[in-house]
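[1] what follows is a predicted protein model with its sequence.
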2 protein chains.
Amino acid sequence: MRTEGRAKRLPRAVRERQIMDAAIDVFSRLGFHSASMDEISEVAGISKPMLYAYLGSKEELFATCIRREATRMMEAIATGVEPDQEPDVQLWSGLRAFFGFVGENRASWMVLHRQASTQGGPFAIELTDMRGRAVSLVAALLTQSTKAPATKLEAESLAAALVGAGESLADWWLDHPEEPAGVVAARLMNLVWMGFGDLVDGNVWHPPSRR
Amino acid sequence: MRTEGRAKRLPRAVRERQIMDAAIDVFSRLGFHSASMDEISEVAGISKPMLYAYLGSKEELFATCIRREATRMMEAIATGVEPDQEPDVQLWSGLRAFFGFVGENRASWMVLHRQASTQGGPFAIELTDMRGRAVSLVAALLTQSTKAPATKLEAESLAAALVGAGESLADWWLDHPEEPAGVVAARLMNLVWMGFGDLVDGNVWHPPSRR
DNA sequence: CAGTAGTCTTACTCGCCAGTAGGTACCAGG
DNA sequence: CCTGGTACCTACTGGCGAGTAAGACTACTG
C-alpha cells in the first residue's frame, strides 16, 4: 500500500546523521526559534516521532548540532597548527585553517556563530566553551611572545578582539564569496600582525618561506 | 510601574517613548522571538491594544526600535569624530565614542548587535545599512591614508574586520564590565594600528596630545 | 511459524502568543 | 447636557508548533 515513495528502513546511525544534517541546514536558514521540527523532519525525509525518538527534544537536537560542528571546527584548526613554530606562523596557519573550514561549511558556521550565540540556555555554554578555547589559544600565543601584554585581562581581550575580527570577516566573506579563502586569511593576518600603521606605510607581512 | 490602580492618561508621544524603552529592555533580555507583546506591554505599564494602536505589529515595533537605536549610535560616533584630523586620531575618536555609547546603552547594543543581525527580513536591512555606513566610514579612512590598500574590496574587507573586532570586543566587555571604556578602546586601537608584531616588540601607539 | 526488537507512520493534544472585538473612562467644544 | 474624539481596558480567537499516543510494518531469531 501507500505510494512508491515510502521511506526505506535504515539503521539508526544513518538516520541520525541525516537528521543532524537536515537540522543544520534548517537552523542555518531560519534560526533556532523559527525552525520547526516539522520542517527538519521533512528535509531529513523522515517523520517527526522518529526525530524525537532518536535525538530527543528540539533543544537537545540543537545542542547536539552545535557540539558536533564545534568539535569538527576546532579539530580542523588544531590539525592545521604546529605548536613548535614561531608565533606569527602559528597564527597564520590557524587563520588559514579557520577560513578553510568556514568556506567549506557555511551552514555549520552560521549555526555556530549567528544562531548559537544569540540563544540563551545550554547552547551559549557549548558555544562559549568553544569560543573560550579559541580565545585561550590565541591568548597563549600572545603571552608566549613575551614582552608585550602585561595582564591576563589584556591578553584575553586582545584575543577576543582578534577572534571577533575573524568571525566578522568570515561573515563578510559569506557576502563576497568570489574571494578565495587564502586571500581573506592573509588580509586579516596583515591587519592584526602589522596593523594599519604599517600597512599605510606599505609594510606587509609575509610568511618566512613561500611555498 | 503601576502605582495607582488605573494608568493615567498621557499623550501619545510619551506613551510611544515608554513603549520603545520597554521593548528594547525586553528584546535585549529575551530576544525577538521569545519576547512577547504581553510582557512588553506589561513592562511599559500599558495594555496590549494600546501597543498595537501606536506601534503596529511586533515586527514594526522591532524595526522601529532598531532604527531609533542605530540612529542614536551613529550620531554619537559622528559627533565624536572631526573629519580634518589625522587618520589615526579620527579612528581613535571613533573608537572612544563607540565604546562610550555601548557602555552607556548596553541594552540598545544587545538589540542592535545580537538580535537584529540574526533575524532575517526587514531587520537585517536596517542593521546592514547601519553597519554598512560604519564600514564605509572606516574604509574611507583607510583609502584616504593612501598607499596601502589597493582594491576597493581590500579596503572594505579590512574595514569589516575592524568593525567586527570592535563589535566582538564590545561583547567581551559586557562580560568584563570592571574595565573602563577608555582602556578597552585604547587596546583595540593598539591592536589595529600597531599590530601584534609591534606590540610584541613593546611598541605602543598613543595619541599625539593627551587631553 | 511465533516471538521480539527495532523502524516508521498517521493523527492527534495542548499551551502559548500575535492580533482583535467591543466596550469604558475622560476631556473637549458647542 | 450631548457629541465626538482620544486614551485605555478586559476578554476573547485563531493558528502554529512542540511533543505524544497508539499502532503498523519489517526483519531477524529460534
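    Good, I have the coordinates.
[2] looking at chain A, which helix or strand is least sure?
    helix A:121-144 (a mean of 78; mean pLDDT, DSSP states H and E).
[3] could you look up the SS state of A:Ser34?
    Three-state assignment for A:Ser34 (DSSP: H, G, I helix; E, B strand; the rest coil): coil.
[4] okay, now the nearest residue to it once chain neighbours are set aside: neighbour count?
    Distance criterion C-beta to C-beta, 6 or more residues apart in numbering or on different chains; nearest residue to A:Ser34, sequence neighbours excluded, is B:His33 at 6.9 Å. Where C-beta positions appear, they are placed from N, C-alpha and C, glycine not excepted. The tally of other residues near B:His33 (other C-beta atoms under 10 Å in any protein chain shown) stands at 16.
[5] cool, the one 5 residues further on as well?
    Close neighbours of B:Asp38, defined as other C-beta under 10 Å, add up to 11.
[6] just checking, it touches B:Lys48?
    Yes - distance between B:Asp38 and B:Lys48: 6.3 Å, which falls inside the contact criterion (C-beta atoms under 8 Å).
[7] for DNA strand D, see how far away A:Arg72 is.
    Note on A:Arg72: its distance to DNA strand D, by C-beta to the nearest atom of the strand, to the nearest Å, is 25 Å.
[8] who are the contact partners of that residue?
    A:Arg72 makes contacts with A:Phe101, A:Asn105, A:Ser108, as judged by C-beta atoms under 8 Å, 6 or more residues apart in numbering or on different chains.
[9] between the residues you listed, which sits nearest B:Pro87?
    Closest to B:Pro87 out of those is A:Phe101 (33.9 Å), distances taken as C-beta to C-beta.
[10] what sits closest to the closest one if chain neighbours are left out?
    Leaving aside its sequence neighbours, A:Phe101 sits nearest to A:Ala76 (C-beta to C-beta, 6+ apart; 4.4 Å).
[11] backbone phi and psi for the residue nearest to A:Ser34, please?
    phi -70, psi -40 (degrees, to the nearest 10).
[12] correct me if wrong: the residue nearest to A:Phe101 contacts A:Phe99.
    No - A:Ala76 lies out of contact with A:Phe99 (C-beta under 8 Å); the separation is 10.5 Å.
[13] give me the spatial nearest neighbour of A:Asn190, chain neighbours excluded.
    Leaving aside its sequence neighbours, A:Asn190 sits nearest to A:Trp205 (C-beta to C-beta, 6+ apart; 5.2 Å).
[14] what's the nearest residue to the spatially most central residue of chain A if we skip its chain neighbours?
    Nearest to the mean C-alpha position of chain A, by C-alpha atoms, centre = their mean, lies A:Trp109 at 4.5 Å. Distances taken as C-beta to C-beta, 6+ apart place A:Val102 nearest to A:Trp109, at 4.6 Å, with adjacent residues excluded.
[15] before we move on, the earlier item: name the helix or strand for the residue nearest to the centre of chain A, please.
    Assigned by DSSP states H and E, A:Trp109 falls within helix A:106-110.
[16] what residues sit buried inside that helix?
    A:Ser108, A:Trp109, A:Met110 (16 or more other C-beta atoms under 10 Å in any protein chain shown).
[17] you'd agree A:His113 is up against A:Ala170?
    Yes - assessed by C-beta under 8 Å, A:His113 is found in contact with A:Ala170 at 7.4 Å.
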